[in-house]
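A.B. asks: Return atomic coordinates for the entry below.
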Amino acid sequence: MTLLPTDVWSVSNDSSSSRTALISFWLASPDDQLEYLWNSPIGTSTVLQVNLLHNDPQFSSDEVLLRNKIGDFFNENGLSHPLSLKLMIANFLLSPPGLLQINNIESYFPSWFCEAYSSLYRSSPSAHPSTPPLHAQSSPNPPTPTTPDFGPFPNSLDALIGNRIHLNRLLGLSNLYYIDPDDSEITQELLELRTSLAQLIFSANPSSLESIWSTEFGDRYWSLVRSGIQNEPLSTIDEQIKSQSIKVLSPSQGGGFSQPNAINALLVSMMYFLPGTMQVSNAQHNIPAWLYEPFSQVFASS
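C.D. replies: Below is the predicted model of the structure:
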């Protein structure tokens, strides 16, 4: 059912409501007109909105949910899907410059889109005249994107679930690694993040795990588990973390699911074992209901 509009919006407006309207516009655009639309005032407004994300962007819960759905789509379908082009344009409006990386972009997208991406995410927006020019609303000298400062990693899971910057970083790195595991910088950053996250999980109160995994953090955790990062060689500290989790869960080493931190260890283990390579005896009995279903979906089969 088509709904009647409730608000007036203009491409010359730089408000967040216009960004939301632009996202809806791109998602509904005819696929054979995307290049034409990008080179129209619609594209100009889109570039403006993306550049405005330099300044501490605040995304609504609906926008975060949409960005997660787009990331899940790429995880499941890759970048060669016919819908990938319009979804990636919409994703521009949810991705501040410096926080979106597409490797081997020329293999998946047309040249006009590659130029637009390079202008927005690889250099100063003014460096590429082929990208729709900004009108008077934009700064005459747009700031050059710099490496973002994410701040210190939270020191507890409770602090992490309230830190949107690091939550989005966790999701973004997991998605980027899934798309291109050969990117050494992304790989190293995700490995370091996994190590920090494993330490937080081990130190968390077991009674708080269910409520923590019911937040947005849960979706981001499963994105990391599904990313394939478990394929990478382990550092000395990661070897120790993996061994510790195995020991906690192994009856032969004095552990087992009767241990109070067994679920902590299981959650850590899933970040180090590839889906399909880890089995839990009598899983439905040993794993709590809130965790059993996603565990089964990821690890019941490769």
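A.B. asks: Contact partners for Gly255?
C.D. replies: Contact partners of Gly255, counting by Cβ atoms under 8 Å, 6 or more residues apart in numbering, are 247-249, 262, 265. (Glycine included, C-beta is placed from N, CA and C.)
A.B. asks: And the residues you listed, which of them are buried?
C.D. replies: Neighbour-count burial within those applies to 248-249, 262, 265; the criterion is 16 or more other Cβ atoms under 10 Å.
A.B. asks: that older thread, among the contacts of Gly255, which are in helices?
C.D. replies: 247-249, 262, 265 (DSSP state H).
A.B. asks: mind giving me TSV with these and columns for distance to Leu167?
C.D. replies: Listed next are the ones in helices among the contacts of Gly255 as TSV, based on distance: Cβ to Cβ, whole Å:
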residue	distance to Leu167
Lys247	30
Val248	26
Leu249	27
Ala262	26
Ala265	23
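A.B. asks: now these in TSV, with pLDDT and distance to Glu293?
C.D. replies: As requested, those are exported to TSV (pLDDT from 0 to 100; distance: Cβ to Cβ, whole Å):
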residue	pLDDT	distance to Glu293
Lys247	91	26
Val248	92	22
Leu249	91	19
Ala262	93	18
Ala265	94	19
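A.B. asks: Which member of these is positioned nearest Asn163?
C.D. replies: Using Cβ to Cβ, Ala265 is the member of the ones in helices among the contacts of Gly255 that sits closest to Asn163, with 24.1 Å.
A.B. asks: The spatially closest residue to that closest one that is not a sequence neighbour: what's it in contact with?
C.D. replies: If the residues on either side of it in the chain are set aside, Ala265 comes closest to Val248, at 3.7 Å by Cβ to Cβ, 6 or more residues apart in numbering. With Cβ under 8 Å, 6+ apart as the criterion, the residues that contact Val248 are 255, 259, 261-262, 264-265.
A.B. asks: sorry, back to before: the ones in helices among the contacts of Gly255: which two are farthest apart?
C.D. replies: Within the ones in helices among the contacts of Gly255 (distances taken as Cβ to Cβ), the two that end up farthest apart are Lys247 and Ala262, at 10.9 Å.
A.B. asks: quick revisit: export the buried ones among the contacts of Gly255 as CSV, with columns for distance to Leu85.
C.D. replies: Supplementary listing: the buried ones among the contacts of Gly255 in CSV, determined by distance: Cβ to Cβ, whole Å:
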residue, distance to Leu85
Val248, 46
Leu249, 44
Ala262, 46
Ala265, 43
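A.B. asks: List just the nearest of these to Ser156.
C.D. replies: For the buried ones among the contacts of Gly255, the residue nearest Ser156 by Cβ to Cβ is Ala265; the value is 17.7 Å.
A.B. asks: how distant is stretch 255-273 from the center of its chain?
C.D. replies: When distances are taken as Cα atoms, centre = their mean, to the nearest Å, stretch 255-273 is centred 25 Å away from the chain's centroid.
A.B. asks: end-to-end on that stretch?
C.D. replies: One end of stretch 255-273 sits 18 Å from the other (Cα to Cα, to the nearest Å).
A.B. asks: What is the burial count for Gln259?
C.D. replies: For Gln259, the number of neighbouring residues by other Cβ atoms under 10 Å comes to 16.
A.B. asks: So it versus Ile287, what's the distance?
C.D. replies: The span separating Gln259 from Ile287 equals 14 Å under the rule Cβ to Cβ, to the nearest Å.
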